[in-house]
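Asks: Need the 3D shape of this:
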Amino acid sequence: MSDASPDPDGISGYHAHVYYSPKTRATAVDVRTGIGARFQARIGNWHDEPVGPHPISMYQVAFAKEEFTELVPWLMLNREGLNVLIHPLTGDSVADHTRFAAWLGTPLPLRLDVLSR
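Replies: The predicted structure follows:
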């Protein structure tokens, strides 16, 4: 780990990964609908199988820095028990998904070997 502190000005945006299972997919639909109705975020495809570093089904929500202060509190209050990973986009995928990440709910073990720095 470097002694230098990363500069928050280097954050180009954020991702939220909303995790679900077959039993909670309907809840994930409700959360997704709520995000789409309230925010300018780009909501990605449904991934019903693990993809990339994500060990279970999820969809990604990409949002601008300017939406952080509204979208993240909304997710805190409206995630309906789903686990959500929120991370910045700094250009270091490993650090973004680990050191710089925040979890709502229970953290999941990510497959970091598929990420690049």
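Asks: Going by C-alpha atoms from here, please, whenever you check contacts or count neighbours.
Replies: OK.
Asks: Give me the most central residue, the chain.
Replies: Relative to the mean C-alpha position of the chain, the nearest C-alpha, by CA atoms, centre = their mean, is the one of Ala16, at 1.9 Å.
Asks: can I assume that residue is in contact with Met58?
Replies: No: at 9.8 Å, Ala16 does not count as touching Met58 under the criterion of CA atoms under 8 Å.
Asks: And the pLDDT at Asp7?
Replies: Looking at Asp7, its pLDDT reads 87.
Asks: Quick check: the gap between His54 and Asp113.
Replies: With the distance defined as CA to CA, to the nearest Å, His54 ends up 11 Å from Asp113.
Asks: Kindly report the same for Val51.
Replies: 12 Å.
Asks: Looking only at neighbour counts, state which of these two leads.
Replies: Val51 (14 against 9; other CA atoms under 10 Å).
Asks: Report the contact partners of the residue lying closest to the residue nearest to the centre of the chain once chain neighbours are set aside.
Replies: Computed as CA to CA, 6 or more residues apart in numbering, the closest residue to Ala16 that is not its neighbour in sequence is Ile86, at 4.3 Å. Under the criterion of CA atoms under 8 Å, 6 or more residues apart in numbering, the contact list for Ile86 reads Tyr14, His15, Ala16, His17, Ala101, Ala102, Trp103, Leu104.
Asks: how close does Ile86 sit to Lys23?
Replies: Here the criterion is CA to CA. By it, Ile86 lies 22 Å from Lys23.
Asks: before we move on, back to that, mind putting the contacts of Ile86 in CSV, secondary structure included?
Replies: Output for those, formatted as CSV (DSSP: H, G, I helix; E, B strand; the rest coil):
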residue, secondary structure
Tyr14, strand
His15, strand
Ala16, strand
His17, strand
Ala101, coil
Ala102, strand
Trp103, strand
Leu104, strand
